[in-house]
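> Sequence first, predicted model second:
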Amino acid sequence: MVQEKYSDIIKEQTNRALWEVENVIACIPDAMWEKEYCGMPLWKHVYHMSGCGYE
């Protein structure tokens, strides 16, 4: 069925996107987490980018 192929593609692309987000997060120096961008600290931007809660 075509839907199964679509779901496999979506799953793979989601996993890839989350892996890329992890790599970006790992590169952020500790000193930047509290720096504000657009009125919010960087950690809030990362929190929302990473699916609401990166541990």
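That came in fine, so what should we check first?

> contacts, neighbours, all on C-alpha from now
OK.

> Now do the buried residues in the helix or strand hosting Glu12.
In this structure, Glu12 is located in helix 2-27 according to DSSP states H and E. Buried residues in helix 2-27, counting neighbours by 16 or more other CA atoms under 10 Å, are found at Val21.

> avg pLDDT for it?
Averaging pLDDT along helix 2-27 yields 88.

> list the helices and strands it packs on?
Using 3 or more CA pairs under 8 Å, 6 or more residues apart in numbering; DSSP states H and E as the contact criterion, helix 2-27 has no neighbours among helices and strands.

> Burial check on Val46, number of neighbours?
18 (other CA atoms under 10 Å).

> what's the closest non-adjacent residue to it?
Ile25 (7.5 Å; CA to CA, 6 or more residues apart in numbering).

> circling back: contacts for whatever helix or strand comes next after the helix holding Glu12 next, please.
Toward the C-terminal end, the helix or strand that comes next after helix 2-27 (DSSP H and E) is strand 36-37. Identification of contacts with strand 36-37 by CA atoms under 8 Å, 6 or more residues apart in numbering yields Leu42.

> Starting from strand 36-37, tell me which strands it pairs with and how they run.
Partner strands for strand 36-37, per DSSP bridges, with pairing direction: strand 40-41 (antiparallel).
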